[in-house]
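In: only geometry, no sequence info:
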Ligand SMILES: Nc1ncnc2c1ncn2[C@@H]1O[C@H](COP(=O)(O)OP(=O)(O)OP(=O)(O)O)[C@@H](O)[C@H]1O
Ligand SMILES: [Mg+2]
């Protein structure tokens, strides 16, 4: 398993690889994710971070929309992983919330889920930052003062 030093989500990134978006509704979050997914090459991994209920699953739903997945994308908290076959791109949606050690992760065989023919999104990615390869797109979702407002910060590791 690849554990590059640059997996730390707090490392500095080039300005061109960083962006921030204010979402004012779940629909805006999905649309934003959908736009990112359209420009993301196959094999891209999205590492989603944010508090409970911040909108990680909502963001993943937007990624799936871009891949032509018409099944409902639901939280994989209990299933750990859900895989969807879009047309033609696949989507793997993983939740690390209940995993608390690298050995759990090895048992899951996480490398198999770095989707070569589509995209992968991991919720609670900051629980295990070291597993993520170079080129991972880190997404931090933060609730703001207004009820449906979220700041979505995106950083791509190089
Ligand atoms: N701007 C917004 N973006 C995303 N979700 C929003 C927004 N405003 C309100 N919400 C609501 O916040 C909730 C986000 O739920 P979601 O399941 O996506 O969060 P989560 O981060 O995946 O939670 P968990 O940590 O339990 O997995 C939904 O009920 C959604 O309707
Ligand atoms: Mg979720």
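Out: Yes, it's here. Not measured: the values here are computed from a predicted model. Residues are numbered from 1 along each chain as shown. Ligands and ions are numbered 1, 2, ... in the order given.

In: mind listing what's buried along the lengthiest helix in the chain?
Out: If you go by DSSP state H, the chain has its longest helix at helix 26-38. For helix 26-38, burial by neighbour count (16 or more other CB atoms under 10 Å) applies to 26, 28, 29, 30, 32, 33, 34, 36, 37. For the C-beta atoms, the positions are set from N, CA and C on the backbone; glycine is no exception.

In: switch the residues you listed over to a markdown table; also include pLDDT and distance to ligand 2.
Out: Listed next are those as a markdown table, based on pLDDT from 0 to 100; distance: CB to the ion, whole Å:
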| residue | pLDDT | distance to ligand 2 |
| --- | --- | --- |
| 26 | 98 | 12 |
| 28 | 98 | 17 |
| 29 | 98 | 12 |
| 30 | 97 | 13 |
| 32 | 96 | 16 |
| 33 | 97 | 13 |
| 34 | 95 | 17 |
| 36 | 94 | 17 |
| 37 | 94 | 17 |
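
In: export those to JSON lines and tack on distance to residue 77?
Out: What follows is the buried residues of helix 26-38, written out as JSON lines (distance: CB to CB, whole Å):
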{"residue": "26", "distance to residue 77": "18"}
{"residue": "28", "distance to residue 77": "24"}
{"residue": "29", "distance to residue 77": "19"}
{"residue": "30", "distance to residue 77": "19"}
{"residue": "32", "distance to residue 77": "23"}
{"residue": "33", "distance to residue 77": "19"}
{"residue": "34", "distance to residue 77": "23"}
{"residue": "36", "distance to residue 77": "23"}
{"residue": "37", "distance to residue 77": "22"}
